[in-house]
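**Student:** build the 3D model from these lines:
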Amino acid sequence: MNSPHSPGPPVLGNSSSATGYDPVPTLEEEDGWRAGRFWSARRVPAAIVALVVLGAAGLLLYDIAAVRAGHPAMRWRRELADGLATRPLDNVWVLVGAGVAAALGLWLLLFAVTPGLRAILPMRRTSADTRAGLDRRAAAMMLRDRAMEVSGVQSVRVAVGRSRVRVRAVSHFRELDDVHEDLDTVLAAAIQQLGLAGRPGLSVRVGRPAKKG
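**Tutor:** Presented below is the predicted three-dimensional model:
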């Protein structure tokens with residue numbers, strides 16, 4: 001998130017202070033309730049796949065019933081059967097079709113085995129019947145507001161990931177090491193107050209404003 005008061009990108013290099021921060025200790029989940037990631041319903045992809053399968057199956061069943069009733073098969077089915085019977089397996093179009101089918105299958109499998117909803121961070125569970133999540137943008141905004149309270153901080157950018165919080169701050173006065181130390185303390189406490197189920201690490205980088213001209 002960019003501060004509206006940011007004068008420009010910070011000059012990091014020699015005038016910066018950065019550190020790798022160990023994961024912030026948070027309260028462990030109570031009574032063993034596991035707070036996993038939220039799963040997306042993915043209604044749109046499921047509806048599209050269902051409609052495509054339904055349409056293809058309906059068209060095929062209609063053609064089979066027409067053939068059984070004495071009518072000729074549809075042209076597309078005759079051409080498809082002839083093509084599959086006459087084209088070798090190393091034909092370009094056969095390979096392209098197989099590649100597209102494999103890519104589509106892998107895409108659907110990826111949807112089936114991954115939770116989705118990456119923008120929602122799971123929070124600690126204190127009840128087996130209740131689950132809560134926190135939007136990453138809301139978490140970043142809260143951490144940014146806390147960082148702006150530190151003396152000497154002019155602007156802050158915060159990126160909240162699943163396993164790490166990255167903070168880039170610009171300080172227009174005070175020693176950078178002092179500002180960095182205060183940011184570490186304030187943000188460590190703020191991350192703990194978020195109540196997240198995971199234990200995200202903290203990476204802080206502090207620099208001076210870019211020189212004008």
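**Student:** what sits against Gly152?
**Tutor:** Gly152 is in contact with Ser171, His172, Phe173, Arg174, Asp178, Val179, Asp182, counting by Cβ atoms under 8 Å, 6 or more residues apart in numbering. For glycine as for every other residue, the C-beta is placed from the backbone atoms N, C-alpha and C.
**Student:** check these and tell me the two furthest apart.
**Tutor:** Longest distance between any two of these is 14.6 Å, between His172 and Asp182; criterion Cβ to Cβ.
**Student:** these two: which is more packed in?
**Tutor:** Between His172 and Asp182, Asp182 has the larger neighbour count (other Cβ atoms under 10 Å), namely 19 against 12.
**Student:** the more buried one reaches Ala147, doesn't it?
**Tutor:** No. Contact status for Asp182 versus Ala147: not in contact, 9.3 Å apart, counting by Cβ atoms under 8 Å.
**Student:** ok, which stretches of this structure are helices?
**Tutor:** Ranges of helices within the chain are 43-68, 75-86, 92-113, 136-148, 176-193, based on DSSP state H.
**Student:** in a markdown table, list those along with distance to Arg205 and mean pLDDT.
**Tutor:** Formatted as a markdown table, the helices of the chain follow (distance: least, Cβ to Cβ, whole Å; pLDDT from 0 to 100):
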| stretch | distance to Arg205 | mean pLDDT |
| --- | --- | --- |
| helix 43-68 | 38 | 86 |
| helix 75-86 | 59 | 81 |
| helix 92-113 | 34 | 85 |
| helix 136-148 | 12 | 94 |
| helix 176-193 | 8 | 93 |
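**Student:** so what's the residue most central in space within the chain up against?
**Tutor:** For the chain, the residue sitting closest to the mean C-alpha position, by Cα atoms, centre = their mean, is Arg118 at 3.6 Å. By Cβ under 8 Å, 6+ apart, the residues touching Arg118 are Arg162.
**Student:** the domain parsing of this structure - what is it?
**Tutor:** Annotated domains of the chain cover 13-36+120-207, 43-113 [automatic domain parsing].
**Student:** please identify the deepest-packed of these.
**Tutor:** With neighbours defined as mean count of other Cβ atoms under 10 Å, those peak in mean count at domain 13-36+120-207, which reaches a mean of 17.
**Student:** how much distance is there from that domain to the middle of the chain?
**Tutor:** Centroid displacement of domain 13-36+120-207 relative to its chain, using Cα atoms, centre = their mean, to the nearest Å, is 18 Å.
**Student:** tell me the confidence at the residue in the chain sticking out farthest from the centre?
**Tutor:** Distance from the C-alpha centroid of the chain peaks at Gly70, with 54.5 Å (Cα atoms, centre = their mean). On pLDDT, Gly70 comes in at 85.
**Student:** could you measure from it over to Asp63?
**Tutor:** 13 Å (Cβ to Cβ, to the nearest Å).
**Student:** for Val100, same thing?
**Tutor:** Distance from Val100 to Asp63, by Cβ to Cβ: 23 Å.
**Student:** same check, this time on Arg87
**Tutor:** Computed as Cβ to Cβ, the Arg87 to Asp63 distance reads 21 Å.
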